[in-house]
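> dropping the sequence and predicted coords here.
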Amino acid sequence: MAVRDFPETPVLVLDLEIFERNVAHMAHTIIALGGKRWRPHVKAIRAPALALRLIAAGASGVTCATVTEAETMVAVGIPEVLIASPVVAPGQLQRLAALNRQARVIVSVDAAEHLALLAAAATAVGTRIPVVVEVDVGLKRSGVPPGDAAVTLARAVRANPALTFCGLMAWEGQTTRIADPTAKQEAIRIAVGLLTDSAHRCRDAALPVEIVSCGGTGTYTVTSTLPGVTELQAGGGVFGDLRYRTEFHMPLEQALVLRATVLSRPAPRRVVCNAGWRYLGVYPTLSRATNLPGVVHTAPAAEHLTLDCDRDVVGLAVGDRIDLAVGYADSTVFLHREILAVRHGVVEQVLQVPASV
């Protein structure tokens, strides 16, 4: 099927050649140069077939946001998953405990209440749940304070017979938007230093620390070089969306676009297409038309996307296709049930995207 013959839009289109270059670059930076394990986060990637491509490229497992995502990844044979968020709902706790019969599914915690919930679920189904303690290194979201608090919670995990203490994790997300490269590198170094120091303190307390996990796409070029880190979670960057390239200044290429159809040309400088926010995430980064001239003002509605240009648009008629570089894959991919993976303009594979639960 040629690209120009796609029967339906809007549709996500992934350029496999660019995707593979991004994957190779990230794997080389993290694994070959950094000497770290790569456990890419799949909350943006979502399609199991793409996760398997990352495993083939050297990833040692994946990171997920939810139990449902973890179940999807284990179902296709991925043997090790980290859920980088506490699990507290009763049904999800039961599913997490049962999932550890099939694979190693690690979960993060930041409070003693989490340990009690996990232990009860594990005991009920006869498994042990592997656990990492999340440390707040400045993002001010989840996580215990670095240092003594991290050691105290790690001790409690280790003492619980239904749980297995695996190590620590953090997300230094507050550093991602720092524009100056030197200032950003120093901010990442300081933040991650709080994590690695906490890991050292755990080891000094005779607690075995296997995992020291951090590093998203906005920081991986630095976190991959830092001593004491064992693995990185950077994943969404394989799509090379606008947020990572223009706001986080990452050396990646745009691999994912939304292909839409021009619905109306009501004025020489206006294009209206069927790429509203039902199909294309508008937060936190707007998408951008790849082939319109000059400065373009983007106004999304539910079903329509209006593009007003500062100069006349020629050669684009009603019924023509238009590509929009995805602004942020995390807020776009989950809106779709499939991605068309193309090579040289021809569909090579239709990738299924499971629905969220």
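Looks like it arrived, so ask away. Numbers count the residues shown, from 1 in each chain.
> tell me which element Pro208 is part of?
For Pro208, there is no helix or strand it lies in under DSSP states H and E.
> which parts of the stretch 1-150 of the chain are helices?
16-27, 48-56, 67-75, 90-99, 112-125, 148-159 (DSSP state H, counting those that start in this stretch).
> what's the most buried one of those helices?
Each of those was scored by mean neighbour count; the highest is helix 67-75, a mean of 22, by mean count of other CB atoms under 10 Å. The C-beta positions use only the backbone N, C-alpha and C, and glycine is treated the same way.
> circling back to that earlier point, of the helices of the stretch 1-150 of the chain, which is nearest Asp180?
helix 16-27 (22.7 Å; CB to CB).
> can you state the direction angle for that closest one and helix 48-56?
Using axes from the mean of the first three to the mean of the last three CA atoms, to 10 degrees, the inter-axis angle of helix 16-27 relative to helix 48-56 is 40 degrees.
> so who does the closest residue to Thr123 other than its chain neighbours touch?
Leaving aside its sequence neighbours, Thr123 sits nearest to Ala162 (CB to CB, 6 or more residues apart in numbering; 5.2 Å). Counting by CB atoms under 8 Å, 6 or more residues apart in numbering, Ala162 touches 118-120, 122-123, 128-129.
> just send the helices of the stretch 1-150 of the chain back as CSV, with mean pLDDT and distance to Asp308 too.
Below are the helices of the stretch 1-150 of the chain laid out as CSV (pLDDT from 0 to 100; distance: least, CB to CB, whole Å):
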stretch, mean pLDDT, distance to Asp308
helix 16-27, 98, 28
helix 48-56, 98, 34
helix 67-75, 98, 38
helix 90-99, 98, 45
helix 112-125, 98, 49
helix 148-159, 98, 51
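> make a markdown table out of those and add distance to Thr298.
Shown next, in a markdown table, are the helices of the stretch 1-150 of the chain (distance: least, CB to CB, whole Å):
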| stretch | distance to Thr298 |
| --- | --- |
| helix 16-27 | 23 |
| helix 48-56 | 27 |
| helix 67-75 | 30 |
| helix 90-99 | 37 |
| helix 112-125 | 41 |
| helix 148-159 | 43 |
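> just confirm Val262 is within a strand.
Yes: checked against DSSP: H, G, I helix; E, B strand; the rest coil, Val262 lies within a strand.
> tell me the mean pLDDT for stretch 327-339?
Mean pLDDT, stretch 327-339: 97.
> number the chain from 517, please
In the new count, where the first residue is 517, that last one comes out as stretch 843-855.
> can you get me the start-to-end distance on it?
One end of stretch 843-855 sits 16 Å from the other (CA to CA, to the nearest Å).
> again, but for stretch 835-845
Start-to-end span of stretch 835-845 (CA to CA) is 26 Å.
> also stretch 633-652?
21 Å.
> ok, Val862 - how many residues close by?
Neighbourhood size, Val862 [other CB atoms under 10 Å]: 10.
> so for stretch 591-607, what gets flagged as buried?
594, 596-603 (16 or more other CB atoms under 10 Å).
> let me know the closest of those to Cys682.
Ranked by distance to Cys682 (CB to CB), the buried residues of stretch 591-607 are led by Leu598 at 8.9 Å.
> follow-up on the earlier one: widest-spaced pair of the contacts of Ala678?
Ala636 and Arg644 (12.9 Å).
> C-alpha coordinates for the lengthiest helix in the chain, PDB please?
Counting residues, the longest helix found in the chain (DSSP state H) is helix 697-720. C-alpha atoms of helix 697-720 as PDB (Å, rounded to 0.1, in the frame of the first residue of the first chain):
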ATOM      1  CA  PRO A 697      23.700  22.600  28.100                       C
ATOM      2  CA  THR A 698      26.300  23.200  30.900                       C
ATOM      3  CA  ALA A 699      23.600  24.200  33.400                       C
ATOM      4  CA  LYS A 700      21.500  21.200  32.500                       C
ATOM      5  CA  GLN A 701      24.300  18.800  32.800                       C
ATOM      6  CA  GLU A 702      25.100  20.100  36.300                       C
ATOM      7  CA  ALA A 703      21.500  20.000  37.400                       C
ATOM      8  CA  ILE A 704      21.200  16.400  36.200                       C
ATOM      9  CA  ARG A 705      24.400  15.500  37.900                       C
ATOM     10  CA  ILE A 706      23.300  17.000  41.200                       C
ATOM     11  CA  ALA A 707      19.800  15.400  41.100                       C
ATOM     12  CA  VAL A 708      21.100  11.900  40.100                       C
ATOM     13  CA  GLY A 709      23.800  12.200  42.800                       C
ATOM     14  CA  LEU A 710      21.100  12.200  45.400                       C
ATOM     15  CA  LEU A 711      19.900   8.900  44.000                       C
ATOM     16  CA  THR A 712      23.300   7.300  43.800                       C
ATOM     17  CA  ASP A 713      24.300   8.500  47.200                       C
ATOM     18  CA  SER A 714      21.100   6.900  48.600                       C
ATOM     19  CA  ALA A 715      22.100   3.700  46.900                       C
ATOM     20  CA  HIS A 716      25.600   3.900  48.500                       C
ATOM     21  CA  ARG A 717      23.900   4.400  51.900                       C
ATOM     22  CA  CYS A 718      21.700   1.300  51.300                       C
ATOM     23  CA  ARG A 719      24.800  -0.800  50.500                       C
ATOM     24  CA  ASP A 720      26.500   0.600  53.700                       C
END
